[in-house]
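Trainee: next comes the sequence, and after it the predicted model I'd like to discuss.
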There are 2 protein chains.
Amino acid sequence: MNIGTASDKSGLPPKTIRYYEDIGLLKPERAENGYRDYSMSDVHKLRFLQRSRGLGFSVEECRQLLALYVDKERASADVKSIAQSKLLEIDQKILELRELQHTLQHLVAHCHGDQRPDCPILETISGEK
Amino acid sequence: MNIGTASDKSGLPPKTIRYYEDIGLLKPERAENGYRDYSMSDVHKLRFLQRSRGLGFSVEECRQLLALYVDKERASADVKSIAQSKLLEIDQKILELRELQHTLQHLVAHCHGDQRPDCPILETISGEK
DNA sequence: CTTGACCTTCCAGTCACTGGAAAGATTAGC
DNA sequence: GCTAATCTTTCCAGTGACTGGAAGGTCAAG
């Protein structure tokens, strides 16, 4: 099947699919006219990439996960450790964002937001207070 | 003062300071030997940038905030609206990350993580289940 | 036979830096 | 005064994960 169909079935834009090929994530056949020709197996891989990227894994992590996915002899421990470290990163990111949220909420609450030139937000960022 | 000193005082690496100059965020004087020469006012701006970047504002948002910071006639309403929209983005990002966290927690909890080849995480990502 | 949709490659741009090379300036120690 | 180390300069290239666009080839419909 052509790249447009593979795009529809996988949920990834054609540009992204070609990019994934560029960086060596999959290598579809070529038809006689030079068009890429995707098998169902390719589409499964593309869907796999689409979902794992959506779960926040980096492309390099997806490459590892895909290798494990393809490897029928893999140990599930390998996959679990990748997922666990990603989970730690997500926990950390949430904590950082919550701090940011608190700081900004505080700043916004104390800014009267009118036409006067003084502004507690800028004063805090600049270190005046 | 030289860029190294400005770097120490602002907490920004010299590379970043030059980059900020490239994109027009500030223009320090030049000494006779061609070295950049930072005033205290420049250092204040650099600290301002360091803090506002740390608060999650994009460089373009920082450019706006810096302009408002320098403009003594600004309305604090302008600053407040930038901060509020950033706050909305942060709220949204936290929600998305929490969903991710839940999904991954669920997957990790159901993966036995041993040497057997089957793995609920991969099965879910691939859409097998 | 022409139109339009699809496909190809290649080049460039995004964002916010970061690394490194090559060369000139300054400073510290001897 | 010499040398070595440190600092500074510019410029070019790379990161991650695409995305946009140009120029051209292919294909199916009417």
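Mentor: Sure, I can see it.

Trainee: the helices in chain A, which residues?
Mentor: Assigned helices in chain A, in chain order: A:3-10, A:14-22, A:40-54, A:59-70, A:76-110, A:120-126 (criterion: DSSP state H).

Trainee: most tightly packed of those?
Mentor: When those are scored by mean count of other CB atoms under 10 Å in any protein chain shown, the highest mean neighbour count falls to helix A:120-126 (a mean of 21). Every C-beta, even on glycine, is put in place using the N, C-alpha and C of the backbone.

Trainee: returning to what we had before: out of the helices of chain A, which is closest to chain B?
Mentor: Each of those was scored for nearness to chain B using CB to the nearest CB, and the closest is helix A:76-110 (3.5 Å).

Trainee: flag the shaky bits of chain A, pLDDT-wise.
Mentor: Within chain A, the stretches falling below the threshold (pLDDT under 70) are A:72-73, A:75, A:116-118, A:126-129.

Trainee: what residues does it put near DNA strand C?
Mentor: Taking CB under 7 Å from any atom of the strand as the criterion, the neighbours of DNA strand C within chain A are A:2-5, A:7, A:14, A:18, A:34-36.

Trainee: re earlier: save the helices of chain A as CSV, and put in distance to B:Ala77 too.
Mentor: Formatted as CSV, the helices of chain A follow (distance: least, CB to CB, whole Å):
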stretch, distance to B:Ala77
helix A:3-10, 45
helix A:14-22, 41
helix A:40-54, 38
helix A:59-70, 42
helix A:76-110, 11
helix A:120-126, 11
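
Trainee: turn those into a markdown table, including distance to chain B.
Mentor: Supplementary listing: those in a markdown table, determined by distance: least, CB to the nearest CB, whole Å:
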| stretch | distance to chain B |
| --- | --- |
| helix A:3-10 | 11 |
| helix A:14-22 | 15 |
| helix A:40-54 | 5 |
| helix A:59-70 | 5 |
| helix A:76-110 | 4 |
| helix A:120-126 | 5 |
